[in-house]
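# here is a sequence with its predicted model. Questions after.
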Amino acid sequence: MTTFAQLRKAALSHPEVVEGSADGVRVFAVAGEEFAWLDSDAHVRLRLPAAEAEDMVSQHATAERAGDFVRLPIDDINGQALNYWVRRAWLGCAPPELAARATAAEKAGAGEVGDLPKAIGRPATRALANAGITTLDQVAGLSDAELLALHGVGPRAVRILRETLAAR
C-alpha cells in the first residue's frame, strides 16, 4: 500500500519543489505550478500532459481524468508506479530549463559530470546532477545531511566525496 510519505518523498526528490497545504489538501508545486497533491479523501491527483494522462488512465483501472489532472486512490498505485507518474507530472510543470537539466541528469553516468568522482556511482552522480550540483566546490558547501537527503546519494557516496575533497 502506498502512503502519503511515499508521495511526499517522490515529489520532494525533484529540484525546486515547494510543499504546501490548502483546505486539508497537501500540494506539491514547482515554479508555482501544482503538479501533485493528496486530497482529503486519500486520492492522489497528478497534473500530466494529455497523452500521459491517457496512458495513466489506461494503466490504472481506478484512475480517472478530471480536468487537467488524473485522480486515483493512493491505495491503488504501487510505489514504483507512483514515482514514475510523479516524475512525469513534475517534468510537465517544471520550467523548460529545469526539466532539461533533470532529463540530462537521468542519462548521466558516473564520472561524466563535472569533476565529481566516478567512484560515487551512477545513482549519486544522477542525483547530484539533478540538483544542479556538478562540481566538488558545490559539494563542499553542503552538509552530509543535505547530501544524504538527495535520493540516490548514500553514506558511501558521501564518504567518497568527503575523501576526495580532503585529498585536494
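Here it is on my side, so go on. Numbering: from 1, shown residues only.

# what's across from the residue lying closest to Ala66 once chain neighbours are set aside in the sheet?
Nearest residue to Ala66 in three dimensions, chain neighbours excluded: Arg45, at 7.5 Å (C-beta to C-beta, 6 or more residues apart in numbering). C-betas here are computed from N, CA, C, even on glycine. Beta-bridge partners for Arg45, by DSSP bridges, are Trp37, Arg71.

# residues in contact with Arg45?
36-39, 66, 69-71 (C-beta atoms under 8 Å, 6 or more residues apart in numbering).

# please repeat the previous calculation with a cut-off of 7 Å.
37, 39, 69, 71 (C-beta atoms under 7 Å, 6 or more residues apart in numbering).

# buried ones only from the residues you listed, please, as a PyMOL command.
One line in PyMOL is enough to select the buried members of those, burial here meaning 16 or more other C-beta atoms under 10 Å:
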select buried, resi 37+69+71
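
# I'd like the contacts of Arg45 as TSV, with pLDDT appended.
Shown next, in TSV, are these (pLDDT from 0 to 100):
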residue	pLDDT
Trp37	92
Asp39	87
Phe69	92
Arg71	95
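
# so how far is Arg26 from Leu12?
11 Å (C-beta to C-beta, to the nearest Å).
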